[in-house]
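K.L.:
Provided below are the primary sequence and the corresponding predicted coordinates.
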Amino acid sequence: MDEQSILVEELVKKYGDFTALDHISFDVREGEVFGLLGPNGAGKTTTIKIMTGLTLPTSGKVLVSNIDVTKKPNEVKKKIGWISADVIVDDDLTAWENLELQAKLEGLKEWKERAKQLLDYFGIFEFKDRQLGKFSTGMRKKVEISMALLHSPEIVFMDEPTIGLDVSTRKSLWDIIRKINKDFGVTVLLTTHYMEEADMLCERIAIINKGKIVAIGSPEELKSKYGGDVIEVQFYGSVDYKIFEKYGQVIAKENSIRIKVGNAEDVLVSMLKDLSQFRVKSLRIEKASLDTAFLNLTGSTIEEGDFDARKFYAMLRRSRK
Ligand SMILES: Nc1ncnc2c1ncn2[C@@H]1O[C@H](COP(=O)(O)OP(=O)(O)OP(=O)(O)O)[C@@H](O)[C@H]1O
């Protein structure tokens, strides 16, 4: 499980004078779902493009399945699948024809059995002769994923796989990503700027901002290290808030306090003893979120609407006519 699938070391990418990636390093373990999370322009797509051999780095090392992608990009391409809004699928062709085209592009000879298995797996084999343009968004995603898995890749790269999808399709895609990761044993590297998505799907996340990795860890680690829970207590009457400073940073208002703690459950029992001397009106725990972690790490939030119009329109062009 802990074999390394991807190794990125001191990666730098410059576009002229502009440094898009500034010495980034991380590794992805075999079989994990790893997320690159960051706002627009952070450098996520550039990182993926380098890892998949689509563009060369200025300097640094990238091993994918132990192969140096800068030296042997074609060997790397055999090991990886790619899912993004930019992937070309032909709406006028049927699902099966799209798979056939993919097989030709990949130079696969024995592909039909695998294609049938994949469409069966996703429950859409009976629609194989339907034009892709007549598929629902969720179904066409299944075809796109089948295309990406056709050559049995070890690693699947997903660049903002759920951008522009409605909430329910997005959630069903999360289930699919989890399932293919388990059932096919593929390592998944995905980029997203949806905090919830990274939190739900990823075993580990690298938060990238302005071309630098600012933190790496499991969602839980990032939340507890950089997020911090908040305990909010309202009182009848005023209170000497200083006795709560031992639990963390206290923001006091007239009849209430907000205490920023690491993990609320760890301090709650002893805090209740201190609270017993006051008349407590209400007590509320806000669990740490990736949003707060991101805010603390970067000083900015990722806005829900802050997405890449280029990718969104690419997706729209391909969506049902
Ligand atoms: N071909 C290019 N020429 C010049 N600058 C580029 C080029 N490609 C990307 N950049 C710049 O590099 C930075 C990183 O871009 P990148 O697309 O990797 O970000 P991202 O994190 O994927 O963001 P998004 O969510 O918008 O896709 C951005 O400032 C972008 O404008």
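P.N.:
Looks like it came in fine. Numbering: from 1, shown residues only.
K.L.:
for the chain, which spans come out with low pLDDT?
P.N.:
Counting by pLDDT under 70, the chain contains low-confidence residues at 1-2, 86-87, 299-321.
K.L.:
all strands for the stretch 201-321 of the chain, in order.
P.N.:
Using DSSP state E, counting those that start in this stretch, the strands of the stretch 201-321 of the chain run over residues 204-209, 212-217, 229-235, 249-252, 256-261, 280-286.
K.L.:
Tell me which of these sits most buried.
P.N.:
Each of the strands of the stretch 201-321 of the chain was assessed for mean neighbour count using mean count of other Cβ atoms under 10 Å. The highest is strand 204-209, with a mean of 24. Heads up, the C-betas are built off the backbone N, CA and C, glycines and all.
K.L.:
Can you name the residues in contact with it?
P.N.:
24, 26, 28-29, 32, 34-39, 42-44, 47, 198, 213-219, 222, 290, 293-294, 297-298, 300 (Cβ atoms under 8 Å, 6 or more residues apart in numbering).
K.L.:
Keep only these that also lie close to the ligand.
P.N.:
When the contacts of strand 204-209 are checked against the ligand using Cβ under 6 Å from any ligand atom, the ones in range are 38, 42-44.
K.L.:
could you dump those to a markdown table with secondary structure and neighbour count?
P.N.:
Shown next, in a markdown table, are those (DSSP: H, G, I helix; E, B strand; the rest coil; neighbours: other Cβ atoms under 10 Å):
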| residue | secondary structure | neighbour count |
| --- | --- | --- |
| G38 | coil | 27 |
| A42 | coil | 25 |
| G43 | coil | 24 |
| K44 | helix | 23 |
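K.L.:
which residues of the stretch 201-321 of the chain fall in helices?
P.N.:
Counting by DSSP state H, counting those that start in this stretch, the stretch 201-321 of the chain has helices at residues 219-222, 264-275, 290-298, 309-318.
K.L.:
circling back to that earlier point, turn the strands of the stretch 201-321 of the chain into a markdown table, including distance to L189.
P.N.:
As requested, the strands of the stretch 201-321 of the chain are exported to a markdown table (distance: least, Cβ to Cβ, whole Å):
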| stretch | distance to L189 |
| --- | --- |
| strand 204-209 | 10 |
| strand 212-217 | 13 |
| strand 229-235 | 30 |
| strand 249-252 | 36 |
| strand 256-261 | 33 |
| strand 280-286 | 31 |
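K.L.:
For the residue of the stretch 151-300 of the chain at minimum distance from the ligand, grab the count of nearby residues.
P.N.:
Ranked by Cβ to the nearest ligand atom, the top residue of the stretch 151-300 of the chain for proximity to the ligand is H193, at 5.7 Å. Residues lying near H193 (other Cβ atoms under 10 Å) number 22.
K.L.:
Next, it: phi, psi?
P.N.:
phi -120, psi 20 (degrees, to the nearest 10).
K.L.:
Provide the partner residues of the closest residue to I205 other than its chain neighbours in its beta bridges.
P.N.:
Spatial nearest neighbour of I205, chain neighbours left out: G35 (4.3 Å); criterion: Cβ to Cβ, 6 or more residues apart in numbering. Beta-bridge pairing of G35, defined through DSSP bridges, involves L190, I205.
K.L.:
I'd guessed G35 sits against L190; true?
P.N.:
Yes: using Cβ atoms under 8 Å, G35 and L190 qualify as a contacting pair, with a distance of 5.5 Å.
K.L.:
joint contacts of the two?
P.N.:
By Cβ under 8 Å, 6+ apart, G35 and L190 have these common neighbours: 201-202.
K.L.:
what about these two, which has more around it?
P.N.:
G35 (29 against 26).
K.L.:
Next, the contact list for that one, please.
P.N.:
If you count contacts by Cβ under 8 Å, 6+ apart, G35 has them with 189-192, 197-198, 201-202, 204-206.
K.L.:
rerun at 10 Å
P.N.:
Under the criterion of Cβ atoms under 10 Å, 6 or more residues apart in numbering, the contact list for G35 reads 28, 44, 158, 188-192, 194, 197-208, 219, 290.
K.L.:
Relative to the ligand, how far out is it?
P.N.:
Taking Cβ to the nearest ligand atom, to the nearest Å as the measure, G35 and the ligand are separated by 12 Å.
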